[in-house]
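Asker: what would the 3D arrangement of this be:
(one chain, ligands or ions: 1)
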Amino acid sequence: MEQRAHWGSRLGFILAAAGSAVGLGNIWKFPYITGENGGGAFVVVYLLCVMLVGLPVMVAEILIGRSTQGSPARAFRTLAGKGSPWISMGWLGVASAFVILSYYSVVAGWSLHFTYLSLTGNLVNLVPAEFEPLFESMYASPGLNLTWHAVFIGLTMAVVLGGVSKGVERWSRILMPALFVMMLILLAKAFTLDGFDRAVDFMFGFRTDKLTGAGALEALGHAFFSLSLGMGAMLTYGSYLRKDDDIMGASITITALDTAVAIAASMILFPILFTHNMEAAQGPGLVFISIPIAFSQMAGGAYLAPIFFGLLVFAALTSAISMLEVTTSSFIDGNSWSRKKATLLAGGLIFLVGIPSALSGGTALFGSNIEGLVGKNWFDSFDYLATNWMLPLGGLGIAVYTAWRMNEAIRHDHFLAGSKLRHFYKIWLLLLKFLVPVAIILIFLHAIGLV
Ligand code: PHE
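Answerer: From the prediction side, this is the model:
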């Protein structure tokens, strides 16, 4: 059998894993759900979810990957034995990767389209009233959606084809620093805007009256999504780690970077909105309608717009790479296929699964017809299914297995290997045993309307 691939360096792993975590979830979704939930208290609850639930699950996921050196299903088979029901947790991860990447790629495709529009000067000479129709017409166009979906999956496949260190790691080392620089440029601009102070107050002013139970649970679900937990992405990346890398230390760095980017993205978007007298609670259209309007009216907007949409594309790409890698590495492990064959098949299948999402805005079949049936179009159904059910279920499996089933010697050994943070072991295990499962079960009860 082929030797397992490994990361070239510790920094390479951290950048790749941070690349997986930092994505549309941080720049597109976090600001708009923060806006919808009134800011302040929601941000605090989100931070608590990240630290007390997300971080422990991340450590567990990476630990399962590193200790087994296998993709999700293989990892559970190694740990729990052939024929064990735990193996289904691995396959659930692969299924989640399919579901999420298929619609994620559609939003990433919109980002590519807006990058293209901004680079060709097509966003600057519109009047504000023209932006909503611009977004709506793109959303409704099967041709545009399918083309950009194909381009985006193609880019993702091109990186994954290169392998772990020469593909995933190499591109993460280029895209992530570029992403940080682009963010700093935009943040510097936001800082000069009149709306900056109001944005600080909105984000950090603690207004408990706005926070609802539903909002708190949304924060928890989003912590999973944003940290790429519960589908084996971190597990797969962890499987390329060597024995002497510090899992706890790396997880803290990845979590901190992910959270910093979500906050920074909000501190870019809200000052822009407030300066132009726009509302914070605008939902998913925030990034593709309101922000382009603001750029079109702002000094230097013609240059800032491509930086912003390029940032979205880079963030989405490094996340998509990790999702495709879950499937690719599972195909390689499961069938002894070459990376090329596994990547082409995985990418091709995900493209096909994404077609209904790409057509959700433009065809009755996947838009209004399905909506009549389940209350959501295809695209939204996939997002709902993945974020509220599949990722938390995967996270629950990972937490329960690691805390209650895993061999203590393996667990302890892998936690301590290379780590100076040994005193975290007990508290980590405690959180994983009790708080994490309870929190996840709360998400489920909420989703079925019981709490
Ligand atoms: N964390 C990514 C984001 O915030 C999405 C993602 C979820 C990536 C699950 C991989 C696995 O956009």
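
Asker: name the residues of this protein found near the ligand, please.
Answerer: Contact residues (C-beta under 6 Å from any ligand atom) of the chain with the ligand: 20-21, 23-26, 100, 225-226, 228, 231, 233, 319, 322-323. Where you see a C-beta, it was placed from the backbone N, CA and C, and this is true even at glycine.

Asker: any idea which helix or strand carries the nearest residue to V164 once chain neighbours are set aside?
Answerer: Nearest residue to V164, sequence neighbours excluded (C-beta to C-beta, 6 or more residues apart in numbering): A5, at 3.9 Å. Using DSSP states H and E, A5 sits in no helix or strand.

Asker: neighbours of A5, how many?
Answerer: For A5, the tally of surrounding residues (other C-beta atoms under 10 Å) stands at 18.

Asker: would you list the phi and psi of it?
Answerer: Dihedral angles of A5 (phi, psi; degrees, to the nearest 10) stand at phi -70, psi 150.

Asker: return the residues in contact with it.
Answerer: Going by C-beta atoms under 8 Å, 6 or more residues apart in numbering, A5 touches G163, V164, S165, Y240.

Asker: show the pLDDT at the second one.
Answerer: Which is V164. V164 is assigned 97 on the pLDDT scale.

Asker: so what's it up against?
Answerer: Contact partners of V164, counting by C-beta under 8 Å, 6+ apart, are A5, H6, W7, Y240.

Asker: just the pLDDT for the first one.
Answerer: A5 is assigned a predicted lDDT (pLDDT) of 91.

Asker: likewise the last one?
Answerer: Looking at Y240, its pLDDT stands at 97.

Asker: sec struct for it, please.
Answerer: Following DSSP: H, G, I helix; E, B strand; the rest coil, Y240 is assigned to coil.

Asker: quick one: it and H6 touch, right?
Answerer: Yes - counting by C-beta atoms under 8 Å, H6 is a contact partner of Y240 at 5.2 Å.

Asker: pick out whichever of these two has more residues nearby.
Answerer: Between Y240 and H6, counted using other C-beta under 10 Å, the more crowded position is Y240 (23 against 17).

Asker: residues touching that one, list them.
Answerer: R4, A5, H6, W7, F13, G65, V164.

Asker: could you work out the most separated pair of the residues you listed?
Answerer: Using C-beta to C-beta, the pair of the contacts of Y240 lying farthest apart is R4 and F13, separated by 13.9 Å.

Asker: higher neighbour count, the two?
Answerer: Neighbours per residue (other C-beta under 10 Å) separate R4 from F13, with F13 holding more: 26 against 13.

Asker: now the more buried one: how far from S172?
Answerer: According to C-beta to C-beta, to the nearest Å, F13 and S172 sit 9 Å apart.

Asker: what does G215 give?
Answerer: Distance from G215 to S172, counting by C-beta to C-beta: 33 Å.

Asker: residue in the stretch 151-300 of the chain nearest to the ligand?
Answerer: Closest contact between the stretch 151-300 of the chain and the ligand, by C-beta to the nearest ligand atom, is at S228 (3.6 Å).

Asker: neighbours around that residue, how many?
Answerer: Number of residues near S228 (other C-beta under 10 Å) recorded here: 30.

Asker: for it, phi and psi?
Answerer: With angles defined as degrees, to the nearest 10, S228 sits at phi 60, psi 40.

Asker: I'd assumed L273 was in contact with E279.
Answerer: Yes - if you go by C-beta under 8 Å, E279 and L273 touch, sitting 7.2 Å apart.

Asker: which secondary structure element of the protein has the lowest mean pLDDT?
Answerer: Among the helices and strands of the chain, helix 368-374 carries the lowest confidence by mean pLDDT, DSSP states H and E, at a mean of 62.

Asker: what mean pLDDT does the helix or strand following it have?
Answerer: Downstream of helix 368-374, the first helix or strand assigned by DSSP H and E is helix 378-384. Mean pLDDT, helix 378-384: 81.

Asker: repeat for stretch 98-105
Answerer: Stretch 98-105 comes out at a mean pLDDT of 92.

Asker: identify all contacting residues around that stretch.
Answerer: Stretch 98-105 has contacts (C-beta under 8 Å, 6+ apart) with 23-24, 149, 152-153, 156, 231, 316, 319-320, 323-324, 327, 349-351, 353-354, 357, 379, 382-383, 385-386, 390.
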